[in-house]
Each structure stands twice: as C-alpha cells, then as structure tokens.
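> Sequence and predicted structure are below.
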Amino acid sequence: MNEPIYNLQHQIQAAFMDDRDMRDYGIEVLDNNGVVTLKGTVPTPAARDRAEEPARSMEA
C-alpha cells in the first residue's frame, strides 16, 4: 500500500469520525491506485458537499 495515500485515507476517515453526522452516514474511503473515492449515501446535496470537504482540503 502506498504510504502517503494510506495516510490520506486515514486522515479523511478520522475527519468523518470527528463529525457525528458524517460518522452516522458510514461513508467509506477507498483508494484505487492513488485515487481516493468516497462511497456511501447521504440524504441531501449539502451533506454530499460536507462529506467531500475533508477529501478536497487534504493533499497526498
């Protein structure tokens, strides 16, 4: 496993665990050869944007 990507996945997952709403949605953070993908269902477009924020704000 690529260490920087693993760390990025871990940071995003930690951000979700720190946010009660995001934690309750159970969003998965997946890595496919350096491309991080979020997988899950959220109830609104605003929640989707909120879920994407940690991934967008972090760099590998």
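That came through, no problem. Nothing here was measured: the structure is a model prediction, and the numbers come from that model.

> right, and Pro54 touches Phe16 too?
Yes: counting by Cβ atoms under 8 Å, Pro54 touches Phe16, with 6.9 Å between them. To be clear about C-beta, it is placed using only N, CA and C from the backbone, and glycine gets the same treatment.

> Distance from stretch 40-58 to the middle of the chain?
On the basis of Cα atoms, centre = their mean, to the nearest Å, stretch 40-58 sits 8 Å off its chain's mean C-alpha point.

> pLDDT on stretch 16-24, on average?
In this model, stretch 16-24 has a mean pLDDT of 89.

> Compute the first-to-last residue distance for it.
Terminal residues of stretch 16-24 lie 9 Å apart, using Cα to Cα, to the nearest Å.

> swap in stretch 31-47?
Taking Cα to Cα, stretch 31-47 runs 21 Å from one end to the other.

> buried set for stretch 27-36?
Neighbour counts over stretch 27-36 (16 or more other Cβ atoms under 10 Å) mark 27, 29 as buried.

> Please state the offset of it from the chain centre?
8 Å.

> end to end, how far does it reach?
12 Å.

> Am I right that Glu51 is in contact with Gly26?
I think there's a mix-up here, since residue 51 is Ala and not Glu. No: at 10.9 Å, Ala51 and Gly26 do not qualify as touching, with contact defined as Cβ under 8 Å.

> Find residues that contact each of these two.
Gly40 (Cβ atoms under 8 Å, 6 or more residues apart in numbering).
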